[in-house]
Each structure stands twice: as C-alpha cells, then as structure tokens.
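[1] got a sequence here, can you model it:
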Amino acid sequence: MVAMIDYTKAPYPSTVYVVNRSDNGTLQRMDFADDTIIATIDSGIVYLYNDKLGYRINARTGASEGRRYLETTAVISSWSADGTVRSRPHLTMNGIAYNCFVNRETGEIVEI
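    Residues are numbered from 1 along each chain as shown. Below is the predicted model of the structure:
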C-alpha cells in the first residue's frame, strides 16, 4: 500500500493505492478528504480506515470485500512527549454511521 497526502491544502486530502507486489501495478485507488488513514494487511485482506469507516480489500486482486463498515471495538494506543506508549486494549464504543446507531453492548443497528 502507498498513501500520498497533499499537505498544501488543509485538511490534507489523501489517495491510497493498493499495489501488486509482483509488478507494482495499482490494484485499487481510494481518495479521501483528509489524511486520517490507518491500514494493515492480514491473511490477504487490506483493512483500511478513514474517518472511523473501514474498508476490506482483497490484497491480491484489489476487489472490495463487502461494504464499508464501522469498527465498534479497537485497541487504542497513545504516545507521550517523553516517548512512552500506553495501550488501552479492546475499548468498545457506540457509533453512528449511515444514519444508524450501532449499540456497543449488543451490536444492534438502529436506524435514526
């Protein structure tokens, strides 16, 4: 994966490319309004987040693996100025996405 960010225009629009390792060809391109990007690859799936919404992308083909989704559990870490890191594993959060409320306790989705 490659992320390109335009730091000349706030809020710093970005473009993320999923790249084929064997030929450096672009498998998928996604444009975002800001530079808030989190990504990882696990078992052939790219998990890409921007503004709390997640995307699953097949790392071999670039095909989308379903609709966008909202992550309601997370491992959150914070860095202090002195370089120390503190983890807050598995926080569970309520969320609102696509005009729906996601209940952190039950996982129930209610249209609002």
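
[2] report the contact partners of N99.
    Residues near N99 by CB atoms under 8 Å, 6 or more residues apart in numbering: 111-112. Bear in mind the C-beta positions are built from the backbone N, C-alpha and C, glycine included.

[3] and it, what pLDDT?
    The per-residue pLDDT reported for N99 equals 76.

[4] strands paired with the helix or strand I41 falls within, and their directions?
    Assigned by DSSP states H and E, I41 falls within strand 37-42. Applying DSSP bridges, strand 37-42 is found paired with strand 45-50 (antiparallel).

[5] roughly how far out does the partner strand sit from the chain middle?
    Distance, stretch centre to chain centre, for strand 45-50: 4 Å (CA atoms, centre = their mean, to the nearest Å).

[6] rounded mean pLDDT for it, please.
    Strand 45-50 comes out at a mean pLDDT of 89.

[7] for it, buried residues please.
    For strand 45-50, the buried set under the neighbour-count rule, 16 or more other CB atoms under 10 Å, comprises 46-50.

[8] what's the helix or strand following it in contact with?
    Heading C-terminal from strand 45-50, the first helix or strand you meet, by DSSP H and E, is strand 53-58. Strand 53-58 has contacts (CB under 8 Å, 6+ apart) with 18, 27-28, 30, 44-49, 63-66, 68-71, 97.

[9] show me those that map onto strands.
    Taking DSSP state E, the ones among these that sit in strands are 18, 27-28, 30, 45-49, 69-70, 97.
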